[in-house]
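Engineer: When you get a sec, could you give me coordinates for this:
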Amino acid sequence: MKKMKLSIVGIQGIPNNYGGFETLAEYLVKYLSDDIDITVYCSSKDLKTRQSSWNNAKLKYIPVSSHGAMGIIYDSLAFIHACLSSDKVLFLGFGGGFVIPFLRKFKSKIILNFGGLDWKRNKWSPNAQKAIKFAEKNLINYSSIVVSDNAGIQNYIKETYGIDSHLIAYGGDQAQHLPVTKDFIEKYPFLSEKYAFIVTRIQSDNNIDMILNAFERAMSIPIVIVGNWNGSEYGMKTKEKFQNKKNVILLDAIYDRSILDVLRSNCTLYIHGHSAGGTNPSLCEAMYLGLPVVAFASGYNEYTTKNKAIYFSDPDELASIVNRKDQLNLKEMGSSLKIIAEKYYIWEKIALQYKEIILK
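Structural biologist: Residues are numbered from 1 along each chain as shown. Next up is the predicted model:
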């Protein structure tokens, strides 16, 4: 029997480091490529290595960067090619929203997961926010199936566009609890004491400043933040401002998952600052590790954690939570979050949910 041809479009490519949509693509390939003929579109400008296939999926390269304004051209070229050559197209993100009206005759092929409400991110100018909202509207109207990764996003799509979307989250079971060794303590001395931890993209809508300001006031434990500090002007300025503060440890992005797992799986508190909506993979991973989570009160984070974490809205509130951590039952919180993750955030289960709608 001939396999269905599925294209995955809208990401930088695979194999990836720890981007959300890229991780989703990797696990869909892992669990579905035996039954579905999958092609993943990749940017030859952004990926250092260029492979023809990965885990039984074909990799198709577009010679345009997936970042910034060029990302719209990259997504559009890949989207057009995928619609012409595949039975189904899974589009991830918003960059294809400007070309999709011209692909309306392919609507029955298109499955959309646009992630969070990207137009709300304060890293964008007002004009960019309007353009992204326009792209979002086009994508939802011209896709046959829409996937929401969070109940808050599902409610937003229903209330805004009157469309029922499929609720499919992200997985977190790629994270492993790894022990601290002597070698790790020599390299990362903070591992021998209590510390709070976060791994994140360094952008303002992830509330980096709020978290750093809070830990200036909460002197009970330091905050360790792993992220792409040198990837933007905002990141470099923030790093320069805070890197010499007593209670702050800023580490550049770590792409070795085993090192990352040691650092996060042994923290006292996991801090999560994402605000722009949707289910964030790093939060799912923290929950799967059974970490006690202190999350920004975005509404979406409460949905992901089923209201079993602790939430903050400003630096004073976060500082207060950190300083009274010893009065909290952190072990019980971590156990509750792990139970939720094991029920909802397992990649094999998530891939099977995607398979069901892809083969419709």
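Engineer: where are the low-confidence patches of the stretch 1-150 of the chain?
Structural biologist: Scanning the stretch 1-150 of the chain for pLDDT under 70 picks out 17-19, 116-124.
Engineer: Do a quick rundown of the helices in it.
Structural biologist: Here the stretch 1-150 of the chain has its helices, by DSSP state H, counting those that start in this stretch, at 20-32, 70-85, 126-141.
Engineer: For the first one, name the packing helices and strands.
Structural biologist: Meaning helix 20-32. strand 4-9, strand 36-43, strand 88-92, helix 281-288, helix 347-358 (3 or more Cβ pairs under 8 Å, 6 or more residues apart in numbering; DSSP states H and E). Every C-beta, even on glycine, is put in place using the N, C-alpha and C of the backbone.
Engineer: could the ones you listed be laid out in TSV, adding distance to residue 180?
Structural biologist: Output for the helices and strands packed on helix 20-32, formatted as TSV (distance: least, Cβ to Cβ, whole Å):
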stretch	distance to residue 180
strand 4-9	37
strand 36-43	36
strand 88-92	35
helix 281-288	17
helix 347-358	26
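Engineer: burial count for the nearest residue to residue 272 once chain neighbours are set aside?
Structural biologist: Nearest residue to residue 272, sequence neighbours excluded (Cβ to Cβ, 6 or more residues apart in numbering): residue 295, at 4.1 Å. Counted with other Cβ atoms under 10 Å, residues neighbouring residue 295 total 23.
Engineer: so residue 295 makes contact with residue 286?
Structural biologist: No - with contact defined as Cβ atoms under 8 Å, residue 295 does not reach residue 286; the gap is 9.2 Å.
Engineer: which neighbours do those two share?
Structural biologist: Common neighbours of residue 295 and residue 286, counting by Cβ atoms under 8 Å, 6 or more residues apart in numbering, are residue 272.
Engineer: Show me what counts as buried in stretch 278-297.
Structural biologist: Buried residues in stretch 278-297, counted by 16 or more other Cβ atoms under 10 Å: 278-296.
Engineer: what's the answer for stretch 187-204, then?
Structural biologist: For stretch 187-204, by 16+ other Cβ under 10 Å, it's 188, 190-191, 195-204.
Engineer: Return the subset of the residues you listed lying in strands.
Structural biologist: 196-199 (DSSP state E).
Engineer: quick one, strands of the stretch 251-360 of the chain?
Structural biologist: 269-272, 293-296, 310-312 (DSSP state E, counting those that start in this stretch).
Engineer: strand partners of the second one, parallel vs antiparallel please.
Structural biologist: Strand 293-296 has these partner strands in its sheet, going by DSSP bridges: strand 269-272 (parallel), strand 310-312 (parallel).
Engineer: and among those strands, the most buried is which?
Structural biologist: strand 269-272 (a mean of 26; mean count of other Cβ atoms under 10 Å).
Engineer: Show me the contact partners of that strand.
Structural biologist: Identification of contacts with strand 269-272 by Cβ under 8 Å, 6+ apart yields 196-198, 211, 221, 223, 264, 280, 282-283, 286, 291-296, 301, 309, 318, 322, 325, 330.
Engineer: tell me the mean pLDDT for that strand?
Structural biologist: Mean per-residue pLDDT for strand 269-272: 98.
Engineer: Let's see that strand as PDB, backbone CA atoms only.
Structural biologist: Extracted in PDB, the C-alpha atoms of strand 269-272 (Å, rounded to 0.1, in the frame of the first residue of the first chain):
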ATOM      1  CA  LEU A 269      13.000  25.500  41.800                       C
ATOM      2  CA  TYR A 270      12.300  25.600  38.100                       C
ATOM      3  CA  ILE A 271      11.200  29.100  37.000                       C
ATOM      4  CA  HIS A 272       9.100  29.600  33.900                       C
END
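Engineer: And that strand, how far out from the chain middle?
Structural biologist: 15 Å (Cα atoms, centre = their mean, to the nearest Å).
Engineer: what's the answer for stretch 9-29, then?
Structural biologist: Put simply, stretch 9-29 sits 10 Å off its chain's centre (Cα atoms, centre = their mean).
Engineer: which of the residues in that stretch are buried?
Structural biologist: Result for stretch 9-29 [16+ other Cβ under 10 Å]: buried residues 9-16, 18-29.
Engineer: Likewise for stretch 53-71?
Structural biologist: For stretch 53-71, using 16+ other Cβ under 10 Å, the buried residues are 54-55, 57-62, 64-66, 71.
Engineer: Would you mind measuring from the nearest residue in space to residue 338 that is not next to it in sequence to residue 173?
Structural biologist: Of all residues not flanking residue 338 in the chain, residue 290 sits nearest, at 3.8 Å (Cβ to Cβ, 6+ apart). Using Cβ to Cβ, to the nearest Å, one gets 12 Å for the distance from residue 290 to residue 173.
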